[in-house]
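J.: Got a sequence here, can you build the structure:
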Amino acid sequence: MADEAHGGGGIQIHPMDQFKVEPLFGGDHVGMLTITNVTFWLAMSVLAITVILVVGTRGRAIIPSRAQSIAELAYGFVYKMVEDVAGKDAVGFFPYIMTLFMFIVTANFLGLLPMSFTTTSHIAVTAILAMAVFLTVTFVGFWKNGTKFLGLFWVSSAPLALRPILAIIEVISYFVRPVSHSIRLAGNLMAGHAVIKVFAGFAAVTAIAPFSILAITAIYGLELLVAFIQAYVFTILTCVYLKDALHPSH
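T.: Reported below is the predicted structural model:
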């Protein structure tokens, strides 16, 4: 996670190098069909989810295995989140929301492995996830409510003179959702990994190496928490947006 280049009598630290998209099998050119480090770790995320949710629960044992316990905990956690935040009407969207949560949390945790690549630190990945949520919510809103969905932007409880201004603000806020939704996830993951690499670079200096290692350990522990929290935040915001789509007048 930390490459140090000694030159000019000092240590050169490049914390952003770990986020470079590179061909998996060598070369410099990255085309549309090139298998890169990003696609490899995306595939690893899908594989890990398949092992936990499909292979791990295949036996349906009364005394669950570790994989089955993780799958059951994740299932119950996300199901309760959907039901509590978006309401029982949103339970039909549980498979989609469960898929989002499992993919993000798995990709986040895999990104903390040595020599791995954090796919959710790339805006190209998180933007696709956020746009999928945005388009799904918008489609569901019009499908379920028709033009009444536009009532989401009309604050009827405000004074009449302020309603047009508030409507403009609400429309802007609505279309900014996918931007904030994606940047929040990518930014938090990228910042944490960059800080770890900076401290890892200072570990090469004998005088401060012990303090650097302690800092790396502390930040790594924090990143484990951030990996889960960011998946939770992304998922719960999806539930909030879905609630707005199903009940725009609330």
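J.: Tell me the buried residues in the helix or strand encompassing residue 212?
T.: Assigned by DSSP states H and E, residue 212 falls within helix 209-246. Residues of helix 209-246 classed as buried by neighbour count (16 or more other CB atoms under 10 Å): 212, 215-216, 219, 223, 226-227, 230-239, 241-246. C-beta here means a position set from N, CA and C on the backbone, and glycine is covered the same way.
J.: helices or strands up against that helix?
T.: Other elements packing on helix 209-246 under the criterion 3 or more CB pairs under 8 Å, 6 or more residues apart in numbering; DSSP states H and E are helix 66-86, helix 94-110, helix 123-145, helix 163-202.
J.: Reformat these as a markdown table; add mean pLDDT, mean neighbour count and distance to residue 53.
T.: Shown next, in a markdown table, are those (pLDDT from 0 to 100; neighbours: other CB atoms under 10 Å; distance: least, CB to CB, whole Å):
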| stretch | mean pLDDT | mean neighbour count | distance to residue 53 |
| --- | --- | --- | --- |
| helix 66-86 | 92 | 16 | 5 |
| helix 94-110 | 95 | 20 | 7 |
| helix 123-145 | 94 | 17 | 18 |
| helix 163-202 | 91 | 17 | 21 |
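J.: Of all these, which one comes closest to residue 43?
T.: helix 94-110 (10.7 Å; CB to CB).
J.: got the contact list for the closest one?
T.: If you take CB atoms under 8 Å, 6 or more residues apart in numbering as the criterion, helix 94-110 is touched by 41-42, 44-46, 48-49, 52-53, 74-75, 78-79, 81-82, 116, 118-120, 125, 129, 133, 136, 185, 189, 224, 226-228, 230-232, 234-235, 238-239, 242.
J.: Now distance to residue 26 too, for the helices and strands packed on helix 209-246, in TSV please.
T.: TSV is the format used below for these (distance: least, CB to CB, whole Å):
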stretch	distance to residue 26
helix 66-86	35
helix 94-110	23
helix 123-145	22
helix 163-202	23
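J.: Just the C-alpha atoms of stretch 207-219, please, in PDB.
T.: Only the C-alpha atoms of stretch 207-219 are listed here, as PDB (Å, rounded to 0.1, in the frame of the first residue of the first chain):
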ATOM      1  CA  ALA A 207      13.300   8.000  14.000                       C
ATOM      2  CA  ILE A 208       9.600   8.100  13.600                       C
ATOM      3  CA  ALA A 209       8.900   4.600  12.300                       C
ATOM      4  CA  PRO A 210       7.200   3.400  15.600                       C
ATOM      5  CA  PHE A 211       4.800   6.400  15.600                       C
ATOM      6  CA  SER A 212       4.100   5.900  12.000                       C
ATOM      7  CA  ILE A 213       3.200   2.300  12.500                       C
ATOM      8  CA  LEU A 214       0.900   3.200  15.400                       C
ATOM      9  CA  ALA A 215      -0.800   5.800  13.300                       C
ATOM     10  CA  ILE A 216      -1.200   3.300  10.400                       C
ATOM     11  CA  THR A 217      -2.800   0.800  12.800                       C
ATOM     12  CA  ALA A 218      -5.200   3.300  14.200                       C
ATOM     13  CA  ILE A 219      -6.200   4.600  10.800                       C
END
